[in-house]
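Student: Quick check, what structure comes out for this input:
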Amino acid sequence: MVFPRLKKVIFVHGCFWHRHPGCSKASSPKTRAAFWQSKFDANVERDARSIRELRRAGWDVEVVWECETKDVDALESKLRRFLGQ
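Tutor: Numbering: from 1, shown residues only. Okay, here's the model as predicted:
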């Protein structure tokens, strides 16, 4: 989600695809391990690069993880803090 007037961006990352550290949903498939590791590494690097570039351009960036969407009250609080509401 992009909020141009606030110069704020919110990414919603799936825990599996974006490798949420410590999350059980970020488990790795047992088959084709090298393929998956390469795919995951590329995803994580792309995410880090995107966030870094946005911050250098003066944007505030927040990442919401898939598993965080289960607790609606905590998510609302996190988003309100980030958006300054």
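Student: in the protein, which spans are strands?
Tutor: Taking DSSP state E as the test, the strands found in the chain are 2-3, 8-13, 60-65.
Student: could you check the distance from residue 31 over to residue 8?
Tutor: 40 Å (CB to CB, to the nearest Å). Every residue, glycine included, has its C-beta placed from N, CA and C.
Student: For the two, indicate the residue with more neighbours.
Tutor: residue 8 (17 against 7; other CB atoms under 10 Å).
Student: residues touching the residue lying closest to the more buried one once chain neighbours are set aside, list them.
Tutor: Spatial nearest neighbour of residue 8, excluding adjacent residues (CB to CB, 6 or more residues apart in numbering): residue 60 at 4.7 Å. If you count contacts by CB atoms under 8 Å, 6 or more residues apart in numbering, residue 60 has them with 6-9, 82.
Student: same deal with residue 50?
Tutor: Residue 50 neighbours (CB under 8 Å, 6+ apart): residue 11.
Student: measure it to residue 56 for me?
Tutor: 11 Å.
Student: Show me where the chain has its helices.
Tutor: For the chain, applying DSSP state H gives helices covering 15-18, 33-56, 72-83.
Student: Run the angle between the second one and strand 60-65 for me.
Tutor: What that stands for is helix 33-56. Counting by axes from the mean of the first three to the mean of the last three CA atoms, to 10 degrees, helix 33-56 points 150 degrees away from the direction of strand 60-65.
Student: Could you tell me the angle between helix 33-56 and strand 8-13?
Tutor: Angle between the axes of helix 33-56 and strand 8-13 is 170 degrees (criterion: the same axes, to 10 degrees).
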